[in-house]
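Asker: I'd like to go over a predicted model; first the sequence, then the structure.
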Amino acid sequence: MEDDSNISELLAARGIRLTRQREKILAILLQQRDHPTASEVYERAKQKMPSISLATVYNSLEALARNGLLKQVNVDRAPTRFCANLEDHSHFFCERCGAIYDVEAAAAQLGNLPPGFVVFHADVALKGLCSTCSDLNV
């Protein structure tokens, strides 16, 4: 877990205006890396900052993602989830329990791109059953 001074440094290094709310929201995402939705972040933040608004949480998440401190994770038409793991990785989505896991980046086969195409970012999403849910099938 990052301490408050490290979080302040992370925000400052990215040129993000320091606010107590942004620091707390980033701390929440770094403490429990379970890919929460904005509503889930709001519920967690409310426990530590009862006066925080849902709009502030949304605005803070947007600013953090725009400045590269969070990744947005989208699964079909479900609400956007947020990931504080900035290492190169993919996501595994359990279709039974809905959990999202960080997994080692899958090697993308990009050899068949048309001439002149340049890849800046690739998302690899894996779907299936997590180990807990797949054990229920036996």
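Answerer: Sure thing, it's come through. Numbering: from 1, shown residues only.

Asker: name the SS class of His91, please.
Answerer: Using DSSP: H, G, I helix; E, B strand; the rest coil, the secondary structure recorded for His91 is strand.

Asker: test for you: state the pLDDT assigned to it.
Answerer: You'll see His91 listed with a pLDDT of 92.

Asker: what sits up against stretch 35-46?
Answerer: Applying Cβ atoms under 8 Å, 6 or more residues apart in numbering, the contact partners of stretch 35-46 are 21, 24-25, 28-29, 32, 52, 54, 57-58, 61, 73, 79-83, 91, 100. Any C-beta I mention is one placed from the backbone N, CA and C, and that applies to glycine too.

Asker: quick one: which of these sit in helices?
Answerer: Gln21, Lys24, Ile25, Ile28, Leu29, Leu54, Val57, Tyr58, Leu61 (DSSP state H).

Asker: okay if I get those as a markdown table plus neighbour count, distance to Ala38 and pLDDT?
Answerer: Formatted as a markdown table, those follow (neighbours: other Cβ atoms under 10 Å; distance: Cβ to Cβ, whole Å; pLDDT from 0 to 100):
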| residue | neighbour count | distance to Ala38 | pLDDT |
| --- | --- | --- | --- |
| Gln21 | 17 | 13 | 93 |
| Lys24 | 20 | 14 | 94 |
| Ile25 | 30 | 10 | 95 |
| Ile28 | 21 | 11 | 95 |
| Leu29 | 23 | 11 | 95 |
| Leu54 | 14 | 8 | 97 |
| Val57 | 25 | 6 | 98 |
| Tyr58 | 14 | 5 | 97 |
| Leu61 | 24 | 6 | 97 |
